[in-house]
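Colleague: Pasting a predicted model and its sequence here:
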Amino acid sequence: MIFKAGRLVLPLLLLACAGPALAHNPMCQCEPVDGERIKCTGGFSDGSGAPGVTLDVIGYDETVLVPGKLGDDSTLTFKRPDGEFYVLFDAGPGHVVEIDHADIGEP
Amino acid sequence: MSQARDAVTAPSPLKQWWLKWRFHLNILLLLIPLGFMPKYFADAKMFRGESGLGANPIENIAVGPWSISLSELLAEAPRQDGPAGYFKAFNASLCSSCGSEVKAAYLRIGKPRSLRAAGTIFFGNPHRMSTSLPVPARTRADAELWITLEGWDGSLHQASVPLAKASPATLAWLNKQGGKP
């Protein structure tokens, strides 16, 4: 009887485990680590990291202030530039995340 | 030993009815899926493109020398994709003559700062392209959807449509967020 119930429950469990196909949208978070520096962490929504992916800090006049790539731990720490800027996590055309300096906040 | 104890006691009328008719529950196995059939076929038709691009289509938006039709995939609020935030699926279709001239199509809420930050890219065939647009919860109700088309000749052309027109469900969702930071 237990075996029979198991045969019934197992397919149901397997069905419950089958999740929908997940996209992997790019994501990036930046936070101030002390008064002068900002630490940005990149990745994808499927949980994978983004080591080696380009992360540039760009001024409002479109000059690249800090050209960078994420390290092995998918993070990059840089000195907060003067003036207005935004952080661009660039995993390829159309796979970007922009973070405005006003959204990073103060420590 | 009495006769009464040996005799098999007759089940109650209710039990008799249950034993006789319980097999008809099998019919439910057919009837329940039948109830979901209309939605299944409507979805199948929509994903095959037989019922148009999607919900709330905006036809022939002029973008420079080209034109594009834009439509939300489903008339529903943006869906959350884990910590990456909320996303809204859009479909688009390039004009029949410009499919070979356009290299890439991008969609973004608000005017793009540059081509690198032109937003999310459309993928798929030119007659039915799809993309997943990130929708920040603090997006303003009067925000514009900006379409950027990049030609094979290197030219860039842009156009915008009100988000409220392209996706009323997203607007309703934004209003419900109640000005979250």
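Modeller: Okay, I see it.
Colleague: quick one: the helices in chain A?
Modeller: Using DSSP state H, the helices found in chain A span residues A:2-17.
Colleague: and the residue in it that chain B sits nearest to, how many residues sit next to it?
Modeller: With Cβ to the nearest Cβ as the measure, residue A:94 is the residue of chain A nearest to chain B, at 2.2 Å. All C-beta atoms are positioned from the backbone trio N, CA, C, and that covers glycine. If you count neighbours by other Cβ atoms under 10 Å in any protein chain shown, residue A:94 ends up with 20.
Colleague: That one touches residue B:106, doesn't it?
Modeller: Yes: taking Cβ atoms under 8 Å as the definition, residue A:94 is a contact partner of residue B:106 at 6.0 Å.
Colleague: near chain B, which residues of chain A?
Modeller: Within chain A, the positions adjacent to chain B are A:22-23, A:25-27, A:44-45, A:47, A:58, A:62, A:86, A:88, A:90, A:93-98 by Cβ under 8 Å from any Cβ of the partner chain.
Colleague: Show me where chain A has its strands.
Modeller: Here chain A has its strands, by DSSP state E, at A:26-32, A:37-44, A:54-59, A:64-69, A:75-79, A:85-90, A:96-100.
Colleague: Distance to residue B:65, mean pLDDT and mean neighbour count added to those strands, as JSON lines?
Modeller: Shown next, in JSON lines, are these (distance: least, Cβ to Cβ, whole Å; pLDDT from 0 to 100; neighbours: other Cβ atoms under 10 Å in any protein chain shown):
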{"stretch": "strand A:26-32", "distance to residue B:65": "31", "mean pLDDT": "92", "mean neighbour count": "19"}
{"stretch": "strand A:37-44", "distance to residue B:65": "36", "mean pLDDT": "93", "mean neighbour count": "20"}
{"stretch": "strand A:54-59", "distance to residue B:65": "30", "mean pLDDT": "93", "mean neighbour count": "21"}
{"stretch": "strand A:64-69", "distance to residue B:65": "31", "mean pLDDT": "92", "mean neighbour count": "15"}
{"stretch": "strand A:75-79", "distance to residue B:65": "40", "mean pLDDT": "93", "mean neighbour count": "17"}
{"stretch": "strand A:85-90", "distance to residue B:65": "28", "mean pLDDT": "93", "mean neighbour count": "23"}
{"stretch": "strand A:96-100", "distance to residue B:65": "26", "mean pLDDT": "92", "mean neighbour count": "20"}
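Colleague: Among those, which comes closest to residue B:89?
Modeller: strand A:26-32 (16.1 Å; Cβ to Cβ).
Colleague: from the middle of its chain, how far away would that closest one be?
Modeller: Strand A:26-32 sits 6 Å away from the centroid of its parent chain (Cα atoms, centre = their mean, to the nearest Å).
Colleague: same for that strand, what does it pack against?
Modeller: Counting contacts by 3 or more Cβ pairs under 8 Å, 6 or more residues apart in numbering or on different chains; DSSP states H and E, strand A:26-32 is packed against strand A:37-44, strand A:85-90, strand A:96-100.
Colleague: Just the residues contacting the helix or strand harbouring residue B:71, thanks.
Modeller: According to DSSP states H and E, residue B:71 maps onto strand B:66-72. Residues from elsewhere that reach strand B:66-72 (Cβ atoms under 8 Å, 6 or more residues apart in numbering or on different chains): B:52-61, B:88-95, B:98, B:101-102, B:105, B:107, B:145, B:147, B:149, B:157, B:159, B:161, B:166-167, B:169-170.
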